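J.: next come a sequence and a model predicted from it.
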Amino acid sequence: MGRQMAQLGISVSWYYLVFTAIGLALVTFAAIMSHIPRIPQQRGLLAVILIAAFAAVFSMLLTQVTNPANDIEVSPFLYLLFRVAMGALIVAALLDFFYWAQAKRRRIDGAGWSLIVGVGLLVCAGLGLYSQFGVRG
């Protein structure tokens, strides 16, 4: 029974990682579509897009490597890199909030998308960190 519970904990953590990857793909798509027209006025939005894209691709790759069905020993370095990517996502979300405030002040079209993308990045980073620290088997 204890081994089944441990396996359940690993599975739940992996599913949270999958939901993080899916959410990051959607938020990255929204960031690309909404932020590219504003990059000439707010160059830092390119950093938001690149950080979100890296985190999305890395989390998708990590879901494949850590799949419980594969039964592969995963290097702790990959988990550390994932945590760093989630920390970078938090920084990118804060940067996006800064550019949202700046765009509102300067009345740049599409400013509301920075708020939506920033919240999405924070939610995905929180879910990703929860998949690493919150689920214990």
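T.: Sure, I can see it.
J.: in this structure, which helix is the longest?
T.: helix 2-35 (DSSP state H).
J.: in that helix, what counts as buried?
T.: Residues 13-14, 16-21, 23-25, 27-28, 30-31, 34-35 are the ones in helix 2-35 that count as buried (16 or more other CB atoms under 10 Å). Every residue, glycine included, has its C-beta placed from N, CA and C.
J.: next SSE after it?
T.: Tracing the chain past helix 2-35, the next element assigned as helix or strand by DSSP states H and E is helix 45-65.
J.: report the inter-axis angle for the helix or strand just after that following helix versus helix 2-35.
T.: Remark: after helix 45-65, the chain's next helix or strand is helix 76-106, criterion DSSP H and E. Relative orientation of helix 76-106 versus helix 2-35 (axes from the mean of the first three to the mean of the last three CA atoms, to 10 degrees): 30 degrees.
J.: could you pull up phi and psi at residue 75?
T.: Taking degrees, to the nearest 10, you get phi -70, psi 140 for the backbone angles of residue 75.
J.: ok, residue 48 - contacts?
T.: 31, 35, 92, 95, 96, 99, 117, 121 (CB atoms under 8 Å, 6 or more residues apart in numbering).
J.: pLDDT wise, what is the nearest residue to residue 112 once chain neighbours are set aside at?
T.: Nearest non-adjacent residue to residue 112, counting by CB to CB, 6 or more residues apart in numbering: residue 100, 7.7 Å away. Listed pLDDT for residue 100 reads 92.
J.: isn't residue 100 up against residue 115?
T.: Yes. Residue 100 is within contact range of residue 115, at 4.7 Å (criterion: CB atoms under 8 Å).
J.: and those two? which has more neighbours close in?
T.: Applying other CB atoms under 10 Å to residue 100 and residue 115 shows that residue 100 carries more neighbours, namely 21 against 16.
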